[in-house]
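**Student:** I'd like to go over a predicted model; first the sequence, then the structure.
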Amino acid sequence: MSAVNAAPPRPGFATELASAVRAFPTLLRIGVAEVVAYRAEFLVWILTTNMPLVMLALWHAVAADGPVGRFDQAQFTAYYLGVLVVRLATSNWMAWQMSMEIRDGTLSAKLLRPIHPLYAFAADHLSAIPMRILVVSPIVAAMIATSWDRLARHDPSLVVVLLASLVGAWLLTFFSMVILGSVAFYVDSAMGVFELWIGLHGLFSGYLIPLEVLEGWLGGWVGKLAAVLPFRFMLAFPVETLVGLLSPAEALRQLAAQWLYVALTGVLAVRVWRAGVRRFAAFGG
Amino acid sequence: MEPSVEVGSGPPSSYATVTSLAPRRYACRFTAAMIEVRNLSKSYRVHKRAPGIAAALRSVLRRRYETVKAVDDLSFQIAEGERVGFLGPNGAGKTTTLKVLAGLLHPTSGDVRVGSYVPHARDSRFLKMITLVMGQKQQLLWDLPPSDTYAMNRAIYDVPRAQADETVRTLTELLEIGDLIGKPARQLSLGERMKCELVAALLHRPRVLFLDEPTIGLDVSMQAKMRDFIRDYNERFGAAVLLTSHYMDDVAALCPRVVVIDRGHLIYDGDLRELVRRVRPDKHVTIRLSKPVDRADLDRLGKVVSADAAQAVLSVPGAQASAVVRDALATLPIVDLTIEEAPLEEVMRELFQARVRAQPATDVPGDTQARA
């Protein structure tokens, strides 16, 4: 167009990230205020995450007759309490939120702000962590009381790997949710895909059954599949590190694999998001 | 010199024509183009099926899609500080155009610039210079007070705290909502929420305002306040305003210029009064009488729209209005007399019904200067 000057060069990724980082404390504060406003809904959600306790009761009964592999009753207790802690710390419901916002057009509000919507989504979900810590505290206390000797506290390198694995699990879950949520850019209803995801996640992440127990199923194929799919890095890997099921060398190897998945899903999430936004019709919003 | 306007049979054929669409009055007042739209088209692919269970089942196996052209080869430009009404019937493509201008939608073809930015690239600097207010959608955080939304916007738009505080103070005073911004948004009335919404949208002092039905659902006095507020903001900050509204009073009060589209095509771009004069050249002369008069005395003056013992409404050609008034004052027992142009609602209805767009510009009645 002749009558206007060319736009100045677009700010780089670092500039936009710095701008987002400056806004983050306020976004987190607002997010916490929203979580508190939805406290009833939040508590109901917490109650729906009690499946590991049900599984603990089942496996506890099974292990009464003797250990299942390395898992005796105490190990099952440590494992499923670990699952609860890691799940509460790293899970998020982005895909549902994204899908809803894409369908009803409310994503427009996020797209109009000068901060990448994925940062805004991330802030939304990170801001739930303080409330989750409150919920997790009694579980952590129970873990300490029942499984103190089993926890990864003796080896500092395992503690570092554990912390890195928790960050990695959060990011991997977040990026996976972005990819899943972006399905709503392409299809009218993405709920079927989410249901499939929940099923696969339940089986291959170690949420329902410890992957070590699963290893021999179907001639070992389930175990082999679980080892290469990303789900284990969202849950089983941090849990196994936490409850001392992994050696430092094995934990480090798995950490590298987890962060490789983080990088891959991160790149894929950004690409799928960008392609999806081009298709966004902003109906209703 | 009369401002130049155009009523044509379709979109302008070249960019040179588009540039010349800006009436001269505006070319003098406003120096730089803030918004430029050239040959914009936007299509949607829409799933289509007949009603009923059989059609629903068939659509599982075989989907039929239809491409709907919401905006078709649309061109116009808006200068810095200008207030422009963007009019058209439902489904004309107004909201789609606004969403393209705000960067929410990617155009199917054509070029759009706002400032020096391509909107759909969604450069953060572009997003900091615009705002899109949609009367039917809210951006306030539903369960939190508007003050929290303002705090969030301050952080996201990177507005210095002192400036943000001052802007909130000024805007809340102008809109008289100082005591509302501490209440959760869900507890506010529609009008209160809309005013709080506007403060959130303007906190970063945007230079371009896209307003889509900003007064929808508001009562008359609230609408008037909102109009005053928008005009005041425009004058204070020199912001360009593109407004869509089904309330013609909004447009009449705020927008000296209108861009009219129908089924995605530009059908008029120019002075609002000129549009009224072209589409409804007649004026309404309302006469209040001190005593009844013969119908023949009224018929002699012009077309009688209505008449009773105390009042008569005549429709007369605009050019003859003053002569008719002189005649009426001399011959009738008049208590009061008013001359009005046709209401804008009627003008718009007539414009779309009569398909004025089908007429060549030079055929449109009126004394305006048709452009090359």
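**Tutor:** Perfect, I can see it now. Numbering: from 1, shown residues only, chains lettered A, B, ... in the order given.

**Student:** contacting residues around the helix or strand residue A:223 falls within?
**Tutor:** In this assignment (DSSP states H and E), residue A:223 forms part of helix A:221-228. Here helix A:221-228 makes contact (CB atoms under 8 Å, 6 or more residues apart in numbering or on different chains) with A:203-204, A:206, A:211, A:214-217, A:232, A:236. All C-beta atoms are positioned from the backbone trio N, CA, C, and that covers glycine.

**Student:** Pull the CA coordinates from that helix and hand them back as PDB.
**Tutor:** C-alpha atoms of helix A:221-228 as PDB (Å, rounded to 0.1, in the frame of the first residue of the first chain):
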ATOM      1  CA  TRP A 221       4.100 -55.200  24.000                       C
ATOM      2  CA  VAL A 222       2.200 -52.900  26.400                       C
ATOM      3  CA  GLY A 223       5.300 -52.300  28.400                       C
ATOM      4  CA  LYS A 224       7.400 -51.600  25.200                       C
ATOM      5  CA  LEU A 225       4.700 -49.200  24.000                       C
ATOM      6  CA  ALA A 226       4.500 -47.400  27.400                       C
ATOM      7  CA  ALA A 227       8.300 -47.000  27.300                       C
ATOM      8  CA  VAL A 228       8.300 -45.000  24.000                       C
END
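
**Student:** for the record, mean pLDDT for the helix or strand following it?
**Tutor:** Next helix or strand after helix A:221-228 toward the C-terminus (DSSP H and E): helix A:231-234. With pLDDT averaged residue by residue, helix A:231-234 scores 95.

**Student:** Put the alpha carbons of helix A:231-234 into CSV.
**Tutor:** Backbone C-alpha positions of helix A:231-234 (Å, rounded to 0.1, in the frame of the first residue of the first chain) are rendered in CSV as follows:
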residue,chain,number,x,y,z
PHE,A,231,2.6,-40.5,28.6
ARG,A,232,5.1,-42.0,31.1
PHE,A,233,7.0,-38.8,31.1
MET,A,234,4.0,-36.9,32.2
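
**Student:** next helix or strand past that helix?
**Tutor:** helix A:236-242.

**Student:** Enumerate the positions of the helix or strand following that next one that are buried.
**Tutor:** Per DSSP H and E, helix A:236-242 leads on to helix A:248-279 as the next helix or strand towards the C-terminus. For helix A:248-279, the neighbour count (16 or more other CB atoms under 10 Å in any protein chain shown) marks A:251-252, A:254-255, A:257-259, A:261-262, A:265-266, A:269, A:272-273, A:276-277 as buried.

**Student:** ok, these vs chain B, which is closest?
**Tutor:** Using CB to the nearest CB, residue A:277 is the member of the buried residues of helix A:248-279 that lies nearest chain B, at 8.3 Å.

**Student:** The residue of the stretch 51-200 of chain A found nearest chain B in helix, strand or coil?
**Tutor:** Here the residue of the stretch 51-200 of chain A nearest chain B is residue A:114; by CB to the nearest CB that distance is 3.9 Å. Under DSSP: H, G, I helix; E, B strand; the rest coil, residue A:114 falls in the coil class.

**Student:** okay but it is in contact with residue B:128, surely?
**Tutor:** Yes. Using CB atoms under 8 Å, residue A:114 is in contact with residue B:128, at 4.9 Å.

**Student:** For these two, list the residues in contact with both.
**Tutor:** What both residue A:114 and residue B:128 touch, as defined by CB under 8 Å, 6+ apart, is the set B:157-158.

**Student:** Where does the prediction get shaky in the chain?
**Tutor:** I'll assume chain A. A:1-8, A:39, A:282-285 (pLDDT under 70).

**Student:** wrong one, chain B
**Tutor:** B:1-32, B:56, B:59-60, B:354-372.

**Student:** The residue sitting nearest the centre point of chain B sits in which helix or strand?
**Tutor:** For chain B, the residue nearest the mean C-alpha position is residue B:85 (2.8 Å; CA atoms, centre = their mean). Residue B:85 is part of strand B:83-87, with elements assigned from DSSP H and E.

**Student:** Ok, residue B:95 next?
**Tutor:** helix B:94-101.

**Student:** For that helix, name the packing helices and strands.
**Tutor:** Here helix B:94-101 touches strand B:33-48, strand B:64-79, strand B:83-87, strand B:109-114, strand B:130-134, strand B:208-212, strand B:240-244, going by 3 or more CB pairs under 8 Å, 6 or more residues apart in numbering or on different chains; DSSP states H and E.

**Student:** residues in contact with the residue of the stretch 51-200 of chain A closest to chain B?
**Tutor:** A:19, B:124-125, B:127-128, B:156-158.

**Student:** Wait, residue B:122 touches residue A:111, no?
**Tutor:** Yes. Shown here, residue B:122 and residue A:111 form a contact pair, counting by CB under 8 Å, at 6.8 Å.

**Student:** Spell out which residues are contacts of both of the two.
**Tutor:** residue B:103.

**Student:** the more surrounded of those two?
**Tutor:** Using other CB atoms under 10 Å in any protein chain shown, the more surrounded residue of residue B:122 and residue A:111 is residue A:111, with 23 against 20.

**Student:** My guess is the more buried one contacts residue B:105. True?
**Tutor:** No. Judged on CB under 8 Å, residue A:111 makes no contact with residue B:105 at a distance of 9.8 Å.

**Student:** what pairs with the strand holding residue B:85, and is each one parallel or antiparallel?
**Tutor:** Pairing partners of strand B:83-87, with direction, according to DSSP bridges: strand B:240-244 (parallel), strand B:257-262 (parallel).

**Student:** which residues sit against that strand?
**Tutor:** By CB under 8 Å, 6+ apart, strand B:83-87 touches B:78, B:94, B:97-98, B:230-231, B:234, B:240-245, B:250-251, B:254-261, B:272, B:348.

**Student:** filter the residues you listed to the buried ones?
**Tutor:** For the contacts of strand B:83-87, buried by 16+ other CB under 10 Å: B:78, B:94, B:97-98, B:230, B:234, B:240-245, B:250-251, B:254-261, B:272, B:348.

**Student:** residue contacts, the residue of the stretch 201-350 of chain B found nearest chain A?
**Tutor:** Relative to chain A, the nearest point of the stretch 201-350 of chain B is residue B:204 (8.4 Å; CB to the nearest CB). Contacts were defined as CB under 8 Å, 6+ apart; by that measure residue B:204 touches B:128, B:131, B:153, B:157, B:159.

**Student:** at 10 Å what do you get?
**Tutor:** Counting by CB atoms under 10 Å, 6 or more residues apart in numbering or on different chains, residue B:204 makes contact with A:113-114, B:127-131, B:153-154, B:156-159, B:163-164, B:167.

**Student:** Let's see the ChimeraX selection covering just the buried ones among the residues you listed.
**Tutor:** In ChimeraX, this line selects whichever of those come out buried by 16+ other CB under 10 Å:
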select /A:113,114 /B:127,128,129,130,131,153,154,156,157,159,164,167
